[in-house]
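Novice: sequence first, predicted model second:
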Amino acid sequence: MNARPRKRPKPPRRCATSPSPTPTPRSSEFPTPRRVRRPQVVYLTRESDGHRHATTRIPDRTTDHAAETTQTIDESTHGEAWARGDFRWNDRGAFYYERVRKKCALPALVATGRHAGRSMVRMRSRNLIGLWFVDMFTSLVEMRWRYLILFIASLYLVSFVLFAAAWYALHAASPTCLNGFEAVDAADAFNAALQLSVETQTTIGYGGKSVNAGCRTATLVLILQCLVGVFVDALCLGLIFARITDPKHRTRSVFVSDAACIATRDGALTFMFRVADVRDRKVIAPVVRASLYTWQGRRTAEGEHLPVTCQSMEINHRDELMLLPITIEHVIDEKSPLYHHTHESLVACGAEVVVSLEGCIDTTGLSFSARQSYLPNEILWGHTFVRVIRRAGPGERHHQWSLRRFHELEPQRLLETDACVAHCGVQRGGRALLTAQQMCEVTLEHAKNGGRDAVPFPAIGTNTLVLSDVATLNVTRDRGLVLSFRVGDSRSPCGCQVTGVEAIATVHRWRPGGARHSQFPLAIGIGGGGATATGDAGPCRLSLWTPVLVEHVIDDASPLREALVDAWPLTRGGHLDQGVNAREAPPPSRAQLAPDAEIVVVVEGTLLSGGNPVARKRVYRARDLRVGHEFAPIVEPPERRRLFAEPSVDFTQFHATIRGA
């Protein structure tokens, strides 16, 4: 007697409680054990405005709030499903944003969720019958399988019946043209003609019926049916082959994240989404594109109204092999269509970011395109993607990455700081209750002016120019009052990749009265070069083999002379008084930049790889001026015993200043 199979115990229900003041920890490395109860950031959408709001939920096994946190339960059970082995294929996410779009009636150009990449635009006055005839083969290939099978079966049946009628008419007109019809009754004559038609077109040839060699009309019908049969077979086989090898099915093995994020990365505000190829035979020559569609519209000088605007977004895609998941980056700078946009402005103009990944299949050579779109409520500010890649440990032969958490994001540390809580006016522990606009403001404030104490990652083909966060104002014996800032290339000295570097500095002032705004160029030069304001105020050419100091001497003709408040009492006309030693001078703590003055520094250059222009801009205000300080030394002489005898640069102290001598 067979024993009854033991039932698998059901996993405990994971529920959630009200928002907790416990800070949300950063996600663990790879993978996170799901049996540990961790606070989770859940994004809910209000039915009134359709905007997403973040809240912290802690899974609890003792309480039941399943009806309130349906989305939390769905996402939290992914790990248990993975452990049981029945993990759902999540190439298009958990369909959460698809439900939000449907529930809040959010219009979009491209669908997300189950039908990700499908066009959502309805075309009026389109003649589908005319389109079917002018592009018949494409229309047939794009038909559903059930309609395609019905069409193929109907095509064969129609050809069989038509030629059966021809054979029947030929037999009625000349009974001696066809052999094997002598013993057939008149009632079964058409059935016999149909059998002959099927045998002729499919080349079965049972041998009971045949064509008389002396009948030329029967020979003509036989040739005509053979030709028609060849064309019908070729068409049907071509349709079936094209339908089976349709490259759109390859998009199901290419993962594109169902949400995007905007966060600071190495000091630069960056729009990011993630892609991956889950097949062992990767995509050939992948190309990633992104475009921003806005519906605010504009009117041309001739009076023409353009309802929608499409702007291309420059993509930094450096991994063309796609062996691992890739986070696609778009730097939001002056040449980005997302520049000066916030969450509310994106919602107001009906913005939608459409991304696509195009490539070729190595087995068939056919090209495909996987598309995804992101509405403003699907772009999370101040978040980054959860790490899903794990390096092979000692004794292991394979690196790993997890599909389970491919679409998940986690908040950056900037959303957990006291400054963020104070800026948004929420109570301590209410960090996770920030709205999307508040998270946007915190992210933009953190990335304002290029970030603080950040140095670009020295990647080839990217903008590696770095400009100091602060400027210094110090006094020297030979040149007097000097304004300094530091410029460098994060790849130096191991091969600086920016050439033809030029720096331009201007001072801007806003004053009450008629001329509210005025700007003046500053004469700048490399540190120690003795540049003065009376010299050339044009661009200063730099060589960034090592970081350099760019200085401006403040004398009687300098535009900064009037912009300084509480000038140093030990100076007259920008130079030291006679008998005053710079080492014995008191610290000039009272000198500062006027509130209505700003110093704008722009550094431009050209990348050696690709020849693309790059630039960095920094705005120095009163709070960014370090009076009585100088930049810390970061360049060390080369060691002769090393393989590469080049100076070493400590970029961790690039923005650091010390009190001047």
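Specialist: That came in fine, so what should we check first?
Novice: next up, phi/psi of residue 546, please.
Specialist: phi -130, psi 160 (degrees, to the nearest 10).
Novice: do the same with residue 153
Specialist: Torsion angles, degrees, to the nearest 10, at residue 153: phi -60, psi -40.
Novice: what's around it, how many residues?
Specialist: By other C-beta atoms under 10 Å, 11 other residues sit near residue 153. For every residue, glycine as well, the C-beta is placed using N, CA and C.
Novice: that one and residue 198, how far apart?
Specialist: Going from residue 153 to residue 198 by C-beta to C-beta, to the nearest Å gives 14 Å.
Novice: so what sits against both of those two?
Specialist: Common neighbours of residue 153 and residue 198, counting by C-beta atoms under 8 Å, 6 or more residues apart in numbering, are absent.
Novice: what pairs with the lengthiest strand in the chain, parallel or antiparallel?
Specialist: Using DSSP state E, we find that the single longest strand of the chain is strand 498-510. Here strand 498-510 has these sheet partners by DSSP bridges: strand 517-521 (antiparallel), strand 540-542 (antiparallel), strand 597-607 (antiparallel).
Novice: which of those strands sits closest to residue 217?
Specialist: Minimum separation from residue 217 across these (C-beta to C-beta) falls at strand 597-607, 77.7 Å.
Novice: which helix or strand lies directly C-terminal to the closest one?
Specialist: Where DSSP states H and E defines the elements, the next helix or strand beyond strand 597-607 is strand 613-620.
Novice: who are the packing partners of that following strand?
Specialist: strand 465-467, strand 597-607 (3 or more C-beta pairs under 8 Å, 6 or more residues apart in numbering; DSSP states H and E).
Novice: about what we covered before: quick one, the longest strand of the chain and strand 613-620 angle?
Specialist: 30 degrees (axes from the mean of the first three to the mean of the last three C-alpha atoms, to 10 degrees).
Novice: could the strands paired with strand 498-510 go into JSON lines alongside mean pLDDT?
Specialist: Output for the strands paired with strand 498-510, formatted as JSON lines (pLDDT from 0 to 100):
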{"stretch": "strand 517-521", "mean pLDDT": "87"}
{"stretch": "strand 540-542", "mean pLDDT": "91"}
{"stretch": "strand 597-607", "mean pLDDT": "92"}
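Novice: go through those and name the closest to residue 124.
Specialist: Comparing these under C-beta to C-beta, the one sitting nearest is strand 597-607, at 46.9 Å.
Novice: any buried residues in that closest one, and which?
Specialist: For strand 597-607, burial by neighbour count (16 or more other C-beta atoms under 10 Å) applies to 597-599, 601-605, 607.
Novice: would you map the strands across the stretch 101-250 of the chain?
Specialist: With DSSP state E, counting those that start in this stretch as the criterion, the stretch 101-250 of the chain has strands at 178-179, 210-211.
Novice: go on, the stretch 551-661 of the chain?
Specialist: Per DSSP E, counting those that start in this stretch, the stretch 551-661 of the chain carries strands over the ranges 564-565, 571-572, 575-576, 592-593, 597-607, 613-620, 625-627, 629-631, 635-636, 648-649, 657-659.
Novice: want to try a markdown table for the ones you listed, with distance to residue 292 as columns?
Specialist: Converted to a markdown table, the strands of the stretch 551-661 of the chain look like this (distance: least, C-beta to C-beta, whole Å):
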| stretch | distance to residue 292 |
| --- | --- |
| strand 564-565 | 42 |
| strand 571-572 | 51 |
| strand 575-576 | 53 |
| strand 592-593 | 37 |
| strand 597-607 | 24 |
| strand 613-620 | 21 |
| strand 625-627 | 36 |
| strand 629-631 | 39 |
| strand 635-636 | 41 |
| strand 648-649 | 37 |
| strand 657-659 | 39 |
